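> Compute the structure for the input listed below.
(2 chains)
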Amino acid sequence: MLKAIELTCERGGRVLFQGLSFELRGGELLRLAGQNGSGKTSLLRILCGLLAPTRGEVRWKDAQISELREDYAVDLVYLGHAPAVKDELSAAENLEIACRLAGKAVSAPEVAGALERMGLARKDVPVKKLSQGQRRRAALARLVLSAAVPLWLLDEPFSALDAAAGKGLEDLIARHVAQGGAVIYTTHQEVGISASRTIELAAVA
Amino acid sequence: MLAAARCLVHRDLLLALRRKSDVGTALLFFVIVASLFPLGVGAEPNLLRAIGPGVIWVAALLSSMLSLARLFADDHADGTLEQMLLGAAPLGVIVAAKAAAHWLVSGLPLVLIAPLLAIQYDLSASLIGVLVLSLLIGTPVLSMIGAIGAALTLGLRGGGVLLSLLVLPLYVPVLVMGAGSVDMAAAGLAPDAQLLLLGAMLIVTAVLSPWAVAAALRISIE
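Numbers count the residues shown, from 1 in each chain, chains lettered A, B, ... in the order given. The predicted model follows:
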């Protein structure tokens, strides 16, 4: 499904990685490993099309992602470092808006169900009154509603989560992979799911 | 596609509603700047009538500048801008929705309160009508041109000052036509030419600016 061909990324005059090629098929779980500053986030941003690689290309179903644009965007969920929730809006409002912008209309019961699944009881409180971990949960609730989206790109999804929420996220990822979806994630923590492959970025550079 | 645009306008209006002080500040700024001039130049009716349209228009330009810096900055900081770039709707549509919401929040209130300020300058009812009409056509142009500047200066340090330097010169044609239409009417002539030119600017920026902003955003976000 997803193919990276000879990717090279230079940021601020420094080569983060070069000649990186891999292919990801449905049902695969890929972990990006490496020290801070080794280019994990840059690679994820290249893979979702937010950043143009210095050289090389990313192909989705045999077409270049820079040409697919929105057609590719509806096939992926990218959750970056920033949780992408608005402080003034409640978790439920945030989730509904995020889904609508991604082109998926959701009903209020679906939204409530997803937030409950992530263990977020205070659905109607502005997010600014929630803790860092609860904010993360609010952002991750989008994954519950994104089972039909084939590709998940997750940047440090486990950060700020407690054990229970981390376990819930592991289950979500495992189920998505079992259903034929593909997931690429980065993490510094020990997690209870085993990646089918790991790319060690420091080794590539 | 339009559902995404509607959703975004709705979101930005909701955010404005929960952050009332932001909207209030820009509006109050407009009122204060436009009220300073009669106090400063004295209560000479002929002079006030002559400078009134220009002063109100300049105050509108400055007030609309005030909220521009945050047009994309907040969304950039909390990561929602990235999600918009990865949304199902083309970025141009998303950007047009952002500009429309910006106008509803910071442009439309100026248009509505302008008649009150015009009274300070002793403008006649018919002149106030022309002033409001010119602001109604002109302020959306300010939001759309401003969005280009906001996208280009996104993430730069001291972006606010740069934004003013970048955008204010581009506002000049709108100012000339907007204030000019009221002057024309005050001289007893038809202001049609100026208003039509303002309308033409509105159409051209509505068609072209979303794509320019989209291109600028893609560069800024890298």
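
> okay, CA-based contacts and neighbour counts for the rest of this
Will do.

> where does the spatially closest residue to A:Ala4 that is not a sequence neighbour land in three-state SS?
Closest residue to A:Ala4 apart from its sequence neighbours, by C-alpha to C-alpha, 6 or more residues apart in numbering or on different chains: A:Val58 at 4.6 Å. At A:Val58 the chain is in strand, as set by DSSP: H, G, I helix; E, B strand; the rest coil.

> how many neighbours does A:Val58 have?
Neighbours of A:Val58 under the rule other C-alpha atoms under 10 Å in any protein chain shown: 24.

> which residues of the chain fall in strands?
Picking chain A for this. Assigned by DSSP state E, chain A shows strands spanning A:2-11, A:14-24, A:29-33, A:55-60, A:63-64, A:76-79, A:151-155, A:182-186, A:197-200.

> What pairs with the second one, parallel or antiparallel?
Yep, that's strand A:14-24 we're talking about. Strand A:14-24 has these partner strands in its sheet, going by DSSP bridges: strand A:2-11 (antiparallel).

> quick one: contacts of the partner strand?
A:15-25, A:42-43, A:47, A:53-62 (C-alpha atoms under 8 Å, 6 or more residues apart in numbering or on different chains).

> Just the buried residues of these.
Buried members of these, counted by 16 or more other C-alpha atoms under 10 Å in any protein chain shown: A:16-18, A:20, A:24, A:42-43, A:47, A:53, A:56-60.

> rewinding a little: show me what contacts the residue nearest to A:Ala4?
Contacts for A:Val58 were tallied using C-alpha under 8 Å, 6+ apart; they are A:2-5, A:7, A:46-47, A:64-65.

> try it again with 7 Å
A:Val58 sits next to A:3-5, A:47, A:64-65 when contact means C-alpha atoms under 7 Å, 6 or more residues apart in numbering or on different chains.

> mean confidence score for the longest helix that chain B contains?
Criterion DSSP state H: the longest helix present in chain B is helix B:192-221. The average of the pLDDT scores along helix B:192-221 is 95.

> Report all helices and strands that it contacts.
Contact analysis of helix B:192-221 by 3 or more C-alpha pairs under 7 Å, 6 or more residues apart in numbering or on different chains; DSSP states H and E lists helix B:91-102, helix B:125-152, helix B:159-186 as its packing neighbours.

> Reformat those as a markdown table; add mean neighbour count.
Formatted as a markdown table, those follow (neighbours: other C-alpha atoms under 10 Å in any protein chain shown):
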| stretch | mean neighbour count |
| --- | --- |
| helix B:91-102 | 23 |
| helix B:125-152 | 23 |
| helix B:159-186 | 19 |
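
> now for these, which one comes closest to chain A?
Closest approach to chain A among the helices and strands packed on helix B:192-221 is made by helix B:91-102 (8.8 Å; C-alpha to the nearest C-alpha).

> Can you give me the buried ones in the helix or strand that the closest one is followed by?
Note on helix B:91-102: by DSSP states H and E, the next helix or strand toward the C-terminus is helix B:108-120. Neighbour-count burial for helix B:108-120 flags B:109-111, B:114-115, B:117-118, B:120 (criterion: 16+ other C-alpha under 10 Å).

> Over to stretch B:48-61?
B:48-50, B:52-61.

> can you give me how far stretch B:7-15 is from the chain middle?
Computed by C-alpha atoms, centre = their mean, to the nearest Å, the separation of stretch B:7-15 from the middle of its chain amounts to 18 Å.

> Give me the contacts around it.
Contacts of stretch B:7-15 (C-alpha under 7 Å, 6+ apart): A:88, A:97, B:97-98, B:101.

> and it, what's its mean pLDDT?
95.

> what's the host helix or strand of B:Asn46 packed up against?
Taking DSSP H and E as the definition, one finds B:Asn46 inside helix B:45-66. Under the contact definition 3+ C-alpha pairs under 7 Å, 6+ apart, helix B:45-66 sits against helix B:20-41, helix B:159-186.

> For that helix, give me every contacting residue.
Contacts of helix B:45-66 (C-alpha under 7 Å, 6+ apart): B:26, B:29-30, B:33-34, B:38, B:106-107, B:110, B:118, B:121-123, B:175, B:179, B:182.

> What is the most widely separated pair among those?
Across those, the longest distance by C-alpha to C-alpha is 25.1 Å; it joins B:Ser106 and B:Asp122.
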